[in-house]
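Chemist: Next comes the sequence, and after it the predicted model I'd like to discuss.
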Amino acid sequence: MSTNSFAETRDAASGQTEGIWSIGRLVTLAVLLIAIAIPFVAKNFLIFQLTLMIIYAIAIIGLNLLTGINGQFSLGHGAFYAVGAYTAAIMIDQFGASYLWTLPVAGILCFITGFLFGLPALRLEGIYLALATFALAVVTPQLFKLSPFEHWTGGIMGIVIGKPTAPLGLPLNDDQWLYFFSLFVAVIAYVCAKNLIGSRTGRALMAIRDNPIAARSMGINTALYKSLAFGLSALYTGVAGALGAIVIQFINPDSFHFALSVALLVGLVVGGVGWLPGAIFGAAFIVFVPNIAEEISKGLSGAAYGVMLIALMLVMPTGAGGLIRSGLRYLRGK
């Protein structure tokens, strides 16, 4: 190939890439504008559902850092969600703390909890790690029912907290304000996760996922990074749990049964393992598809949900992320 031909091919490829990136930026801008406009035209119940969707997306981003980026499997993230929710509820109910302060406290506490859990879990991999995290998800809600903690947790009766109002006299109702607040937290969470993946730490986490033996031979402290992945993943999920408690205004131990951990895992797979933007698709599936299944048949809603999940996996075996990447490859080919 001549120099001129090579230059022309390179310029054409560069033009295609720039065109795709331009499309991506336009899509991102359009999504943000739609997200900002929705609360002003939607009913309060839909705003509430969309807020929950955003909250679950934050938790799925955290699970993606652990499973998609670092390669560790977890069936217990509902436990970290519960810890974050109870941290926020106790701080507001018992100490009168502002809901704003509950998010960093819940995140730090869950980071410590996840990091400490990740240390003994280093000896476990695959299905054995899944069983350990499954035990965590089952045991954690029961701890909140114990009588020694009942003064703080409310036992089986749970905790009721008030819904915050918009600050600074903003012309927003409570549901609109919590939607925008959750959206703001989600954008920060996504940007931080994106930067983490592109950093040296993120590359180390992916190296451990791809080949732990090679990563160890290159001088990467696999024990430290795997525990760090658990801690960061728990931090995200704990912040989501705190937001969930603030939005729903009520928590009790039965709110965090094992099905919550399964739902987060389903959201991860539907959105695409290892693809951060897929969290919003997975969260939408968690929030809206069970309602659709119940509308199809109240008595067989579980069966309808399962059929829709199977159909989705047949159409998108690698989740929404795989489908979108295939579309981008098709555009590059054209």
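Modeler: Cool, got the structure.

Chemist: Measure how buried the closest residue to residue 278 other than its chain neighbours is and give me the count.
Modeler: Distances taken as Cβ to Cβ, 6 or more residues apart in numbering put residue 271 closest to residue 278, at 2.8 Å, once the chain neighbours are dropped. All C-beta atoms are positioned from the backbone trio N, CA, C, and that covers glycine. Neighbours of residue 271 under the rule other Cβ atoms under 10 Å: 30.

Chemist: Give the buried residues for the strand or helix carrying residue 328.
Modeler: Using DSSP states H and E, residue 328 maps to helix 319-333. Under the neighbour-count criterion of 16 or more other Cβ atoms under 10 Å, helix 319-333 has 319, 320, 321, 322, 323, 324 buried.

Chemist: Give me the contact list for stretch 117-134.
Modeler: Outside stretch 117-134, the residues that touch it by Cβ atoms under 8 Å, 6 or more residues apart in numbering are 72-77, 136, 223, 226-231, 234, 258, 261.

Chemist: Just the buried residues of those.
Modeler: Buried members of these, counted by 16+ other Cβ under 10 Å: 72-77, 136, 226-231, 234, 258, 261.

Chemist: Determine which two of the residues you listed are furthest apart.
Modeler: Using Cβ to Cβ, the two most remote members of the buried ones among the contacts of stretch 117-134 are 228 and 258, lying 25.8 Å apart.

Chemist: quick one: residue 302 and residue 46, what's the gap?
Modeler: Relative to residue 46, residue 302 is positioned 24 Å away (Cβ to Cβ, to the nearest Å).

Chemist: typo on my end, it should be residue 278
Modeler: Taking Cβ to Cβ, one finds residue 278 at 22 Å from residue 46.

Chemist: Compare these two (neighbour count), which wins?
Modeler: Of the pair residue 278 and residue 46, residue 278 is the one with more neighbours under other Cβ under 10 Å, namely 28 against 14.

Chemist: and residue 124, how many neighbours?
Modeler: Residue 124: 15 surrounding residues under other Cβ under 10 Å.

Chemist: And it, what's its pLDDT?
Modeler: For residue 124, the pLDDT comes out at 79.

Chemist: quick one, what contacts the spatially most central residue of the chain?
Modeler: Nearest to the mean C-alpha position of the chain, counting by Cα atoms, centre = their mean, stands residue 60 at 1.9 Å. For residue 60, the contacting residues are 264, 267, 268, 271, 278, 279, 282, 283, by Cβ under 8 Å, 6+ apart.

Chemist: Now do the helix holding residue 328: which elements does it pack against?
Modeler: Packing partners of helix 319-333 (3 or more Cβ pairs under 8 Å, 6 or more residues apart in numbering; DSSP states H and E): helix 3-41, helix 258-271, helix 278-296.

Chemist: Look up phi and psi at the closest residue to residue 189 other than its chain neighbours.
Modeler: Closest residue to residue 189 apart from its sequence neighbours, by Cβ to Cβ, 6+ apart: residue 58 at 5.1 Å. The phi/psi pair for residue 58 (degrees, to the nearest 10) reads phi -60, psi -40.

Chemist: Dump the one helix or strand residue 102 maps to to PDB, keeping only the CA atoms.
Modeler: For residue 102, the element it lies in under DSSP H and E is helix 99-118. Output of helix 99-118 as PDB, limited to C-alpha atoms (Å, rounded to 0.1, in the frame of the first residue of the first chain):
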ATOM      1  CA  TYR A  99     -30.100  13.600  54.400                       C
ATOM      2  CA  LEU A 100     -27.100  15.100  52.500                       C
ATOM      3  CA  TRP A 101     -24.700  13.800  55.200                       C
ATOM      4  CA  THR A 102     -26.100  10.300  55.100                       C
ATOM      5  CA  LEU A 103     -24.700   9.600  51.600                       C
ATOM      6  CA  PRO A 104     -21.000  10.000  52.400                       C
ATOM      7  CA  VAL A 105     -21.300   8.300  55.700                       C
ATOM      8  CA  ALA A 106     -23.200   5.300  54.200                       C
ATOM      9  CA  GLY A 107     -20.600   5.100  51.400                       C
ATOM     10  CA  ILE A 108     -17.700   5.100  53.800                       C
ATOM     11  CA  LEU A 109     -19.300   2.600  56.100                       C
ATOM     12  CA  CYS A 110     -20.100   0.300  53.200                       C
ATOM     13  CA  PHE A 111     -16.600   0.700  51.800                       C
ATOM     14  CA  ILE A 112     -15.100  -0.500  55.100                       C
ATOM     15  CA  THR A 113     -17.600  -3.400  55.300                       C
ATOM     16  CA  GLY A 114     -17.000  -4.500  51.700                       C
ATOM     17  CA  PHE A 115     -13.200  -4.200  52.000                       C
ATOM     18  CA  LEU A 116     -13.200  -6.300  55.200                       C
ATOM     19  CA  PHE A 117     -15.500  -8.900  53.600                       C
ATOM     20  CA  GLY A 118     -13.300  -9.000  50.600                       C
END
